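Novice: Make a model of this:
(chains A and B)
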Amino acid sequence: MRLAIALCLSALSALPAVADVQRAIDTHILPGHVALSMRTAELANTAQADCSPEAVRPAFHAAYDAWISISHIQIGPIEDQALTLHMSYWPDPKDSTGKALARLTAAADPIVDQPKAFGDVSATAQGFTALERLLYETQTDAAYACRLTQAIARDLARKSAAINADWPAFATLMRSAGADGNTRFQNEDEARRALYTALSTGLAFLHDQRLGRPLGTFERPRPLRAEARRSERSLRHVQLQLAALETLAAAMTDSDLSATKAAFAAARARADALDDPALQGVADPGGRFRVELIQQAVRAIQIAVIDEIGTPLGITAGFNSLDGD
Amino acid sequence: MPTRRTFLAGLTSASLTPTLGWADAGNPIALSAARRPDGQHVLVGLARTGHITFEITLPARGHAAAAHPHVAEAVAIARRPGTFAKVIDCARGRVKQTLHAPTGRHFYGHGAFSADGAFLFTPENDIATGAGWIGVWESGTRYKRLDSFSSAGIGPHEILRTPSGQLAVANGGIRTHPATGRDKLNLDTMRPNLAIFDADGRLADMAEGPDTQHQNSLRHISAGRDGNIVCGFQWQGDRFDAPPLVALYTGNGTLIPAQMDDTNLRKLDGYIGSVSAYGNGRYAASAPRGNMTFEFDSTGTQSGTHSARDVCGLCATPDGMCLVTDGTGRVHILKDSTFTHLATHKYAFDNHLVALTPV
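Specialist: Numbers count the residues shown, from 1 in each chain, chains lettered A, B, ... in the order given. As a prediction, the model looks like this:
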């Protein structure tokens, strides 16, 4: 695969790029992955030096921020290397992460000391979601939790570096969409559509999962379903994703996006005004109302994005995917 | 020179038109409902090359069709909760007759002919009770409603005839009422099943999933040459907690869950759009909301994954491959783990491809 990409590169590099795709790659995707790679390397080094939760938490937050800021880019190396779930395993309705960590801990599994082998343990025991449990929940076996913390941090750094390393080659494929020999992106529209998919699925994930899961229904709010509630990062993930998706939206088109920008600004203002980091207020009517307002603002972004980016690109909602039968 | 049959038909009466086979409709291997760029809904025939062999306008959006095994005739059945079905002469390009669901019933978008083509079967909802029924129609110059029998479940969706001449019905288990559109009224108690009937309508076998997966709604089915049936499900629970959405039925009241990759499974919104048994013991399933088509080997283990936007229609080809269509107008072919683009049309292909060749 790498060889194939390398061979393609030499043939394709001289071709003109698609301006909007180029800009999204240069200003958003590549720097986002560089940041992820750097922050996770720092996280791994920090954990190696001192694995106590207090020592690791600041680097954990910085690295998790970097991940959430680029997590909507699910095409390319992360998909090709099948690492989507390894970076963070959420939503997790069956508490698979809790169970997997309990299994490793109960067995004091020595796999944590084998960096290569650890990369192949279940995705549920890896990534930021598993690390958060180790850093924010009381551990029955502190010594083992330390080794596990180091193993997860080390593997996050290794995987982030691998994704980052492969991005320039994939970026070349996107930029040279439609060129002879480019079987991944057979025309420019395919590259644009891939970016638009990242934007629209990112917005849908924000609306339906990051906000929708804790909201549940009025009769049955589900505060324990808030993402990263243990480290009180739930609202921060909403804010980071809004910022990242706005950057992507602005990069992928030349039009002024007045409605989209206004909708993003309204959503950010509502999120910034909320004093409820773990979104636990969804359990009472007043707090719930404020989270619902953010969710409604995200819906407004989704509509503006369809009007100002999707429709001009000729992208219509799926004929079959929306039919539901 | 006119054939003996057309000659005789011409002699007897103008209304007794000669019977034309699928060759007279351009030798399609499959039928699909589709939407043209001008918004007009049509039924088209597709050749093995991916090209369109005929096109007939429909009065409203179609879903699937029932293809007559010998005559170039298809019944396009209104999508849920529609009450009409159009009998279409595909060789002459005209609607021959409109069938109406009996009062108090609606169709589910699918239907199937008996092996000899003499009878048409249509899954129906008895709106007042929510019970599933299979309508029985006699085909011919004029289709006639004969009878109906219980589908042995709620929400019968796809129906097919098996190579042994039995009928298989996917009872989705979900009760809906036209007054509340497609709202699902019984998610807590739903219990889908695959029901197998002998040609006379007698229940021969029934297969259900495990109790913990009673919200896995069985919608689409496809039978292979060996009679095994691949089943496609739509999970009504948490989309991140979906069980395998594909299963195999090999008889004896049992559904064998497919082995599906968890990473993929989380991306599908719990939704499989179509399934196909093709070749010798190969299976495919499409996930329009995940933009993926999956391949499975004869044991039901996922053996390939292919990306295609808004992909849904699947059916077996006579040469042992699987024809694939999507909502962006593309036709693909799946063969031995390679997924190849065949043709692109300015049409949005609707949910299902219906194979014209008997399996």
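
Novice: When you work out contacts or count neighbours from here on, use the C-alpha atoms and nothing else.
Specialist: OK.

Novice: got a list of contacts for the helix or strand containing A:Leu85?
Specialist: In this structure, A:Leu85 sits in helix A:84-87 according to DSSP states H and E. Contacts with helix A:84-87, where a contact means CA atoms under 8 Å, 6 or more residues apart in numbering or on different chains, come from A:Gln74, A:Ile78, A:Ala123, A:Thr124, A:Gln126, A:Gly127, A:Phe128, A:Leu156, B:Thr263.

Novice: Need phi/psi at the second one.
Specialist: When you say that, I think you mean A:Ile78. A:Ile78 adopts backbone torsions of phi -60, psi -30, taken as degrees, to the nearest 10.

Novice: before we move on, what about the last one?
Specialist: Backbone dihedrals for B:Thr263, given as degrees, to the nearest 10, come out at phi -60, psi -40.

Novice: Contact partners for it?
Specialist: B:Thr263 is in contact with A:Ala82, A:Thr84, A:Leu85, counting by CA under 8 Å, 6+ apart.

Novice: Try it again at 7 Å.
Specialist: Neighbouring residues of B:Thr263 by CA atoms under 7 Å, 6 or more residues apart in numbering or on different chains: A:Leu85.

Novice: ok, it to A:Ser122 distance?
Specialist: 11 Å (CA to CA, to the nearest Å).

Novice: Just want the phi and psi numbers for the closest residue to B:Ala85 other than its chain neighbours.
Specialist: Taking CA to CA, 6 or more residues apart in numbering or on different chains, and ignoring the residues beside it in sequence, B:Ala85 has B:Ile77 as its nearest neighbour in space, at 4.3 Å. When read as degrees, to the nearest 10, the backbone of B:Ile77 gives phi -110, psi 130.

Novice: what bridges to B:Ile77?
Specialist: With DSSP bridges as the criterion, B:Ile77 is bridged to B:Ala64, B:Ala85.

Novice: and the contacts of helix A:84-87, which of them are in helices?
Specialist: Judged by DSSP state H, the contacts of helix A:84-87 include A:Ile78, A:Gly127, A:Phe128, A:Leu156, B:Thr263 as members of helices.

Novice: and the fourth one, what pLDDT?
Specialist: What that stands for is A:Leu156. pLDDT for A:Leu156: 98.

Novice: try the third one
Specialist: You'll see A:Phe128 listed with a pLDDT of 98.

Novice: do you know how far the residue lying closest to it once chain neighbours are set aside is from A:Ala317?
Specialist: Of all residues not flanking A:Phe128 in the chain, A:Ser88 sits nearest, at 5.2 Å (CA to CA, 6+ apart). Relative to A:Ala317, A:Ser88 is positioned 28 Å away (CA to CA).

Novice: all helices for chain B, in order.
Specialist: In chain B, the segments counted as helices under DSSP H are B:4-12, B:262-265.

Novice: rewinding a little: for A:Ser88 and A:Ala317, work out which one has more neighbours and name it.
Specialist: It is A:Ser88, of A:Ser88 and A:Ala317, that has more neighbours when counted by other CA atoms under 10 Å in any protein chain shown, with 24 against 13.

Novice: Model confidence at the more buried one, what's the number?
Specialist: Note for A:Ser88: predicted pLDDT of 96.

Novice: residues contacting it?
Specialist: Going by CA under 7 Å, 6+ apart, A:Ser88 touches A:Gly127, A:Phe128, A:Thr129.

Novice: Return a PyMOL selection command for the buried portion of the residues you listed.
Specialist: The buried subset of these, as determined by 16 or more other CA atoms under 10 Å in any protein chain shown, is captured in PyMOL by this line:
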select buried, chain A and resi 127+128+129
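
Novice: centroid residue for chain A?
Specialist: Closest residue to the average C-alpha location of chain A: A:Ser71 at 1.7 Å, with CA atoms, centre = their mean.

Novice: ok, which residues in chain A are in contact with chain B?
Specialist: Chain A comes close to chain B at residues A:Leu85, A:Pro91, A:Asp92, A:Pro93, A:Gly318, A:Phe319, A:Asn320, A:Ser321, as judged by CA under 7 Å from any CA of the partner chain.

Novice: Before I go, just wanted to say thanks for your time.
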